[in-house]
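Asker: structure, please.
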Amino acid sequence: MIWRTAFIFVLLATLVVVLVGWLTSIEVLPISQVINYSDAGVRFIRVWIWLAIAIGLILPTIAFVVWFKYPQLRKIFDLYLLVLVIQIVTERVVSRVLFPSLVVLIGTLYTAFRVWQLWHEQQFIKATHFSQANPRLINSVLWLLLLFWSSNLIILLTLSWPSIL
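Answerer: Next up is the predicted model:
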């Protein structure tokens, strides 16, 4: 993956979020401006957020540091972390400036991109040989991230979207 791809995605995702936010605010789209989770849903989301921090943020940061001397691996994890940080900042800003339920849309867009990104990098790793780095460990980290974010996408579609529609 290249920087341009990530930049274009962030730009398009931002435009979609602003458009959906505007259409929701003028009541064209039937999206609630607040997230209506049940008590059990709120408890689950709190636990899931801690898992996202551990698996989705801390693990790739450690991988970035450990494999920093390998430019190809560093590029994988720096693009991953950059897009993740942009997502977090976007969710914070948009939920304060527009309304909280837009984090569901933002999360869905960015998670779908992240799944594609990880799958793409997984295929790249298969085709590349790292003589000094441990390819099995690299592969395991990417598969764990891919599994986690795929699960996150399922949760967004089954728990979060119904709470705003």
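Asker: remind me which residues of this structure are low pLDDT?
Answerer: 130-132 (pLDDT under 70).
Asker: show me what contacts the spatially most central residue of it?
Answerer: By CA atoms, centre = their mean, the chain has its centre lying nearest to residue 111, at 3.7 Å. Each residue near residue 111 by CB atoms under 8 Å, 6 or more residues apart in numbering is listed here: 149, 152, 153, 156. In this view, the C-beta of every residue, glycine as well, is placed from N, C-alpha and C.
Asker: could the residues you listed go into JSON lines alongside neighbour count, secondary structure and distance to residue 3?
Answerer: Conversion of the contacts of residue 111 to JSON lines gives the following (neighbours: other CB atoms under 10 Å; DSSP: H, G, I helix; E, B strand; the rest coil; distance: CB to CB, whole Å):
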{"residue": "149", "neighbour count": "24", "secondary structure": "helix", "distance to residue 3": "20"}
{"residue": "152", "neighbour count": "23", "secondary structure": "helix", "distance to residue 3": "24"}
{"residue": "153", "neighbour count": "16", "secondary structure": "helix", "distance to residue 3": "24"}
{"residue": "156", "neighbour count": "18", "secondary structure": "helix", "distance to residue 3": "26"}
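Asker: what lies in contact with the host helix or strand of residue 148?
Answerer: Assigned by DSSP states H and E, residue 148 belongs to helix 135-155. When contacts are defined by CB under 8 Å, 6+ apart, helix 135-155 is touched by residues 48, 51-52, 55-56, 59-60, 63, 67, 73, 76, 80, 107-108, 111-112, 114-115, 118-119, 121-122, 125, 129-130.
Asker: what is the subsequent helix or strand relative to it?
Answerer: helix 161-164.
Asker: and that following helix, what does it pack against?
Answerer: helix 102-127 (3 or more CB pairs under 8 Å, 6 or more residues apart in numbering; DSSP states H and E).
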